[in-house]
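Undergrad: what's the 3D shape of this:
(chains A and B)
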Amino acid sequence: MNTRLRYAPSPTGLQHLGGIRTALFCFLLAKSANGTFILRIEDTDRTRLHPDAIDDLYDVLRWLNITWDEGPDKGGDYGPYIQSDRLDIYHTHVQTLLKRGVAYKSEEERVQEGKSVKGTVIRLKIPTEGSITMTDGIVGDLTFQYDAIPSNPVLIKSDGFPTYHFASVVDDHLMHISHVIRSQEWLSSLPIHWHMYEAFGWKLPQFFHLPLIVGSDGKKLSKRYGSMAASSFRSEGVLPNAIWNFLSLLGWSYDDTSNFFSPEKLLEVFSFQGLNKSQAMYDELKLFSLNGEHIRTLNITEFIEYCEKALGIVLEKGSVLRLRLESIAVELQARCNRFSDVAYHWEYIGYSIADDGGKRFSGLSVCDGLEADILTAMIHIIKEHSELFAGSYENSVTFDEMNHDSQEKSDAIVNLMKAAANELQTKPKTFFMCVQETITGRKKSLPVAHVMIALKKEETIQRLRNRMNNETII
RNA sequence: GGCCCGUUCGUCUAGUGGUUAGGACACUGGGUUCUCAGUCCAGUAACAGGGGUUCGACUCCCCUACGGGCUACCA
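TA: As a prediction, the model looks like this:
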């Protein structure tokens, strides 16, 4: 039997971590078994449709490289893949249940928006006594008493649309779904679904109910209660690979020591065996840490691309800012766990005195005598060794070459700075910090010599002078 | 309230009757270092509680507690 798994979200809100975890697991499980991954949209609740939900779903899945073999936009042998296009299918199938006396029509009145409304629904008849025994691939064997099911569930609503219970069972059967992977919130509905399969006389798929992911408040992540939108991770500069890695470890494990997984590795080793059953709390720090690890596996070209995406900018090849970024990329990559880290450093790398006449640095403290001496000494170094500040990248063919060159120049500059500090009878640290703060406006920055190389002579001197002028003005 | 699922370091987890209870994130200390990172090394830290079963329980059973889910013409 072919392995066919589906992710079947309802377009009632933005995709969140819990949803894409399910999507990822389905995808991984399908692919590792050489099977088929199907996307189906369950838009049966007409009152809660969210206008951006479907676009968001496509965007997020594509961003994450979770690709489906069959789906609304792709077609397939068992379409359509949007439930609102399958209404006639549900209506013919519910006839079967009606004929068999397993379902019945019911005229009902209910209160809607303060008014009482009449309508006809079709309900499934649940036995009044006895029990049903089922098997779940994660939870194990389960027995429910029929009388624990609170009421006969609605199959077809009065607006003619099926409920989730009915539509998903019919579709899973018709689409030959072999394994139903969904989150554990569905566990208490399993008897309803199981009973329906039996009433139809259909072969049951294998069920796997994934443990819930909970937020730091301990409550389940939900579209309805907001936050954790998958798209927000994208804008925060989290890599798809990091999301794969992070999510895969929420409810699944490989062995006693592995924590880092590339997508290739996951595709290779992910399996039903490693699934576990207890709920997991989302830990942002771990995601960011993993993201840092994945950032560090990027080659330098990819990393620069990542920076551009994260910053939402495009730097033309050969442009001043592009050259600066290239020059500093290796140093930058070593200390980034997420977008905000890139942005933090880009504020002084991607800025030029010419942009605003140096206003950004006007908040720096006034130079006292020593600081003025240090800056003067630094300017002297630059003027006397201008070749070191000419930019390392101009004549380099490869990044390796460039980095090597950059490192050599940096070492030379550091030595000159140490010597100058010595001459001023001050600690190297004082000297470096003064220069760094003047150049970057920050107490924490990339190594200042590298920054100066990236900025090149002119901009560096301007920043140094700018600080000194501030003093004279004040 | 009822029904269901779960419970190993703060967090994610390994563990299927005999282990110094392992790894990772976080945290702490140290090496490297012009700051911050990164990197390397080290360290603190857990079997919810109580009963059984057993020569022996983190592992099996029961009870309690706690957490979560469901209890809609929502999914």
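Undergrad: Just give me the residue right at the centre of chain A.
TA: Taking Cα atoms, centre = their mean, the centroid of chain A lies closest to A:F233, which sits 4.2 Å from it.
Undergrad: Quick check: closest non-adjacent residue to that residue.
TA: A:I243 (6.3 Å; Cβ to Cβ, 6 or more residues apart in numbering). All C-beta atoms are positioned from the backbone trio N, CA, C, and that covers glycine.
Undergrad: Which secondary structure elements does the helix or strand containing that neighbour sit against?
TA: If you go by DSSP states H and E, A:I243 is part of helix A:240-248. Counting contacts by 3 or more Cβ pairs under 8 Å, 6 or more residues apart in numbering; DSSP states H and E, helix A:240-248 is packed against helix A:17-32, helix A:263-269, helix A:284-297.
Undergrad: returning to what we had before: hang on, the residue nearest to A:F233 packs against A:A23?
TA: No. The criterion here is Cβ atoms under 8 Å, and A:I243 misses it with A:A23 at 10.9 Å.
Undergrad: got the helices and strands packed on helix A:240-248 as TSV, with distance to RNA strand B columns?
TA: Listed next are the helices and strands packed on helix A:240-248 as TSV, based on distance: least, Cβ to the nearest atom of the strand, whole Å:
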stretch	distance to RNA strand B
helix A:17-32	9
helix A:263-269	13
helix A:284-297	3
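Undergrad: Please identify the deepest-packed of those.
TA: Across the helices and strands packed on helix A:240-248, averaging neighbours per residue (mean count of other Cβ atoms under 10 Å) puts helix A:17-32 on top, at a mean of 24.
Undergrad: which element follows that one toward the C-terminus?
TA: Defined by DSSP H and E, the subsequent element after helix A:17-32 is strand A:36-39.
Undergrad: for the helix or strand following that following strand, packing partners?
TA: Helices and strands here follow DSSP H and E; after strand A:36-39, the next one along the chain is helix A:53-63. Counting contacts by 3+ Cβ pairs under 8 Å, 6+ apart, helix A:53-63 packs against helix A:17-32, helix A:230-235.
Undergrad: okay, A:Y58: pLDDT?
TA: We have a pLDDT of 98 for A:Y58.
Undergrad: Count the residues that sit near A:W63.
TA: Look at A:W63: counted by other Cβ atoms under 10 Å, it has 15 neighbours.
Undergrad: doesn't A:P240 make contact with it?
TA: Yes. A:W63 is within contact range of A:P240, at 6.2 Å (criterion: Cβ under 8 Å).
Undergrad: Assign the spatially closest residue to A:E293 that is not a sequence neighbour to helix, strand or coil.
TA: Excluding the flanking residues, the one nearest A:E293 by Cβ to Cβ, 6+ apart is A:F260, at 6.0 Å. Following DSSP: H, G, I helix; E, B strand; the rest coil, we place A:F260 in the coil state.
Undergrad: re earlier: Serialize the helices and strands packed on helix A:240-248 to JSON lines and add fields for distance to A:I382 and mean pLDDT.
TA: Listed next are the helices and strands packed on helix A:240-248 as JSON lines, based on distance: least, Cβ to Cβ, whole Å; pLDDT from 0 to 100:
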{"stretch": "helix A:17-32", "distance to A:I382": "49", "mean pLDDT": "96"}
{"stretch": "helix A:263-269", "distance to A:I382": "46", "mean pLDDT": "96"}
{"stretch": "helix A:284-297", "distance to A:I382": "32", "mean pLDDT": "96"}
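Undergrad: In CSV, list those along with distance to A:F361.
TA: Formatted as CSV, the helices and strands packed on helix A:240-248 follow (distance: least, Cβ to Cβ, whole Å):
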stretch, distance to A:F361
helix A:17-32, 40
helix A:263-269, 43
helix A:284-297, 29
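Undergrad: Excluding covalently adjacent residues, which one is nearest to the most far-flung residue of chain A relative to its centre?
TA: In chain A, the residue that sits farthest from the middle, by Cα atoms, centre = their mean, is A:E423; the gap is 51.8 Å. When the adjacent residues along the chain are set aside, A:E423 lies closest to A:A377, with 7.4 Å between them (Cβ to Cβ, 6+ apart).
Undergrad: In this structure the one you found contacts A:Q425, no?
TA: No. Applying Cβ under 8 Å as the test, A:A377 and A:Q425 come out as separate, 11.8 Å apart.
Undergrad: Of the two, give the one with the bigger neighbour count.
TA: Legend: neighbour count by other Cβ under 10 Å for A:A377 and A:Q425, higher for A:A377 (21 against 7).
Undergrad: For chain A, which residue gets nearest to RNA strand B?
TA: Closest approach between chain A and RNA strand B, counting by Cβ to the nearest atom of the strand: A:R335, at 2.7 Å.
Undergrad: which phi and psi does A:G75 have?
TA: With angles defined as degrees, to the nearest 10, A:G75 sits at phi 80, psi -160.
Undergrad: And the pLDDT at the residue lying closest to it once chain neighbours are set aside?
TA: Closest residue to A:G75 apart from its sequence neighbours, by Cβ to Cβ, 6+ apart: A:Y81 at 7.8 Å. In this model, A:Y81 is scored at 98, pLDDT.
Undergrad: What are the buried residues along the least confident helix or strand in chain A by mean pLDDT?
TA: Across the helices and strands of chain A, the lowest-confidence element by mean pLDDT, DSSP states H and E is helix A:448-473, at a mean of 84. Going by neighbour count (16 or more other Cβ atoms under 10 Å), the buried part of helix A:448-473 is A:448-457, A:459-468, A:470.
Undergrad: Alpha carbons only: can I get stretch A:437-456 in CSV?
TA: Only the C-alpha atoms of stretch A:437-456 are listed here, as CSV (Å, rounded to 0.1, in the frame of the first residue of the first chain):
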residue,chain,number,x,y,z
GLU,A,437,33.0,53.6,20.3
THR,A,438,33.9,56.4,18.0
ILE,A,439,33.7,54.3,14.9
THR,A,440,30.6,52.2,15.7
GLY,A,441,28.9,54.2,18.4
ARG,A,442,28.7,50.9,20.4
LYS,A,443,30.2,49.3,23.4
LYS,A,444,29.7,46.0,21.6
SER,A,445,30.7,45.6,18.0
LEU,A,446,32.5,43.6,15.5
PRO,A,447,36.3,43.7,15.9
VAL,A,448,37.1,47.3,15.3
ALA,A,449,40.0,46.8,13.0
HIS,A,450,37.8,44.7,10.7
VAL,A,451,35.2,47.4,10.8
MET,A,452,37.7,50.1,9.8
ILE,A,453,38.8,47.9,6.9
ALA,A,454,35.3,47.5,5.7
LEU,A,455,34.5,51.2,6.1
LYS,A,456,37.8,52.1,4.4
